[in-house]
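K.L.:
Need a 3D model of the following:
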Amino acid sequence: MGAMAKVFFANMEWTGLPLFALILFMVMFALMLARTWGLQTRRDFDEVAATPLFADDTQPQKPSTTTEVTP
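P.N.:
Residues are numbered from 1 along each chain as shown. Okay, here's the model as predicted:
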């Protein structure tokens, strides 16, 4: 560790709070990953994937096949 970092951490009070916040973030992130990918079955994802993207009365806009250049 560099001399500047040693001086910074030597004069710093409450050095445990950033470490606590980092560990808390990592634990919460791991729990969210476990909940998202580990506890849901393939059927849960298939149900969401099968929902329609548009309502019955609206249709998606098809992209034009011609390129028009307006001056």
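K.L.:
low-confidence ranges in this structure?
P.N.:
Applying pLDDT under 70 to the chain flags residues 1, 54-71.
K.L.:
what's the longest helix in it?
P.N.:
What stands out as the longest helix in the chain, according to DSSP state H, is helix 16-33.
K.L.:
List the contacts of it.
P.N.:
Helix 16-33 has contacts (C-beta atoms under 8 Å, 6 or more residues apart in numbering) with no other residue. C-beta here means a position set from N, CA and C on the backbone, and glycine is covered the same way.
K.L.:
need the next SSE after it, C-terminal direction.
P.N.:
helix 42-49 (DSSP states H and E).
K.L.:
so what does that following helix touch, helix or strand wise?
P.N.:
Helices and strands touching helix 42-49, as assessed by 3 or more C-beta pairs under 8 Å, 6 or more residues apart in numbering; DSSP states H and E, are absent.
K.L.:
Look up how far residue 51 lies from the nearest residue to residue 9 once chain neighbours are set aside.
P.N.:
With C-beta to C-beta, 6 or more residues apart in numbering as the criterion, residue 9 has its nearest non-adjacent residue at 6.5 Å, and that residue is residue 15. Separation of residue 15 from residue 51 (C-beta to C-beta, to the nearest Å) stands at 49 Å.
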